[in-house]
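> just to be clear, the model below is a prediction. Sequence and coordinates:
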Amino acid sequence: MMFPKEIVSFLTSHKVANLSYYDGKVPQACALYFAYDNKSQLIFVSESKTRHAQVLSKYPTIAFTINKDDQNWSEIQGLQGRGRCVQIIDQNARDEALKHYVDKYPFISNNEALIGVINKSEVWAIIPNWIRLIDNSKGFGYKKEWNFNTPEFP
């Protein structure tokens, strides 16, 4: 699956995603830094003891939003999405995902403490199966949707 250039442009120009998940009892959300990779995934890192990492390992179905702060309502732009979240276990895939992450946030390379934390953290991929782009600058309520249905996500 390859994202359309509108989505790629949006993902590469923003940094924070709001991730929503559900543990079977209560919904919850968290904000996280992400990087877009060349496999149409959003990469993030997390320690295994965080609530979202513990929940995602059992309940991988998620929703997410990405938007710019401080927007006038007539200029609102953002992405809404659904999909699943998986931990990247394979060492080669993990190294490749971390490269995308560190490339997007070069300040990590200059901070030994951050490098140590990142190297000990789990690496996760958000794999969208549906995305909606909102862009009120093209007209109030403008939206465009894409479905990326796969066998895992009918």
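Everything's here; your move.
> beta-bridge partners for residue 43, please?
Note on residue 43: beta-bridge partners residue 35, residue 125, judged by DSSP bridges.
> that one: neighbouring residues, count only.
Per other CB atoms under 10 Å, the neighbour tally for residue 43 reads 23. Backbone N, C-alpha and C define where each C-beta goes, glycine included.
> in contact with it, which residues?
Contacts here follow CB atoms under 8 Å, 6 or more residues apart in numbering; on that basis residue 43 touches 34-37, 88, 97-98, 100-101, 123-126.
> measure it to residue 126 for me?
8 Å (CB to CB, to the nearest Å).
> which residues touch the residue nearest in space to the middle of the chain?
Closest to where the C-alpha atoms of the chain average out (CA atoms, centre = their mean) is residue 42, at 3.9 Å. The neighbours of residue 42, taking CB under 8 Å, 6+ apart as the test, are 11, 17, 34, 35, 36, 64, 125, 126, 128.
> pretty sure residue 40 contacts residue 81?
No. Using CB atoms under 8 Å as the test, residue 40 is too far from residue 81 to be in contact (11.1 Å).
> which neighbours do those two share?
By CB under 8 Å, 6+ apart, the residues touching both residue 40 and residue 81 are residue 128.
> higher neighbour count, those two?
Each of residue 40 and residue 81 has its neighbours counted (other CB under 10 Å); residue 81 has more, 23 against 18.
> which element is that one on?
Using DSSP states H and E, residue 81 sits in strand 77-87.
> longest helix of this protein?
Across the chain, the helix with the greatest residue count (assigned by DSSP state H) is helix 91-104.
> mind showing which ranges of this structure have poor pLDDT?
1, 150-154 (pLDDT under 70).
> and the helices in it, which stretches?
Secondary structure of the chain (DSSP H): helices at 5-12, 51-56, 91-104, 112-120.
> many thanks, I have nothing further to ask.
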